[in-house]
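**Student:** this is a predicted model, with the sequence first.
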Amino acid sequence: MAQAQTTPQKTAAAKVITKQVVDIACGECQFKMKGKDCELAVKIDGKPYFVDGKGIDDFGDAHGEHGFCNAVSKAEVTGEIVNNRFKAKEIKLLPVKK
């Protein structure tokens with residue numbers, strides 16, 4: 001007997017992240033990820049993921065003194081991990097502690 005409903009593969013693989021504090025920076029420059037260009041990435045539970053939905057320059061100049069290519073920052077993120085990428089719903093940069 002066939003099932004009427006099947007769970008899509010994508011839903012089963014997605015990991016939902018809600019208001020988790022993570023490291024955020026350029027994936028290539030700071031997390032040594034393989035890519036074509038400077039691209040925003042977050043580190044969730046020690047594993048880096050490229051970000052979809054937000055760009056690396058959305059938070060200021062990525063190549064500036066405290067930009068994502070030169071420094072790792074902290075952010076509170078909400079979204080989900082799908083196909084080894086973080087689909088951002090919300091990214092809130094946290095103030096730098098001195």
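**Tutor:** Received, thanks. Numbering: from 1, shown residues only.

**Student:** now do the strands in the chain.
**Tutor:** Ranges of strands in the chain, per DSSP state E, are 15-26, 40-44, 47-52, 73-82, 85-93.

**Student:** can you list the strands that the last one pairs with?
**Tutor:** With DSSP bridges as the criterion, the sheet partners recorded for strand 85-93 are strand 47-52 (parallel), strand 73-82 (antiparallel).

**Student:** and the last one with strand 15-26, angle?
**Tutor:** Think strand 73-82. 140 degrees (axes from the mean of the first three to the mean of the last three C-alpha atoms, to 10 degrees).

**Student:** run through who's touching stretch 77-93.
**Tutor:** Contact with stretch 77-93 is made by 10, 13-20, 22, 24, 41-42, 44, 49-54, 59, 73-76, as judged by C-beta atoms under 8 Å, 6 or more residues apart in numbering. The C-beta positions use only the backbone N, C-alpha and C, and glycine is treated the same way.

**Student:** quick one: buried residues of that stretch?
**Tutor:** 77, 79-82, 86-88, 91 (16 or more other C-beta atoms under 10 Å).

**Student:** and the residues you listed, which two are the farthest apart?
**Tutor:** 82 and 91 (16.0 Å; C-beta to C-beta).

**Student:** many thanks, we can stop here.
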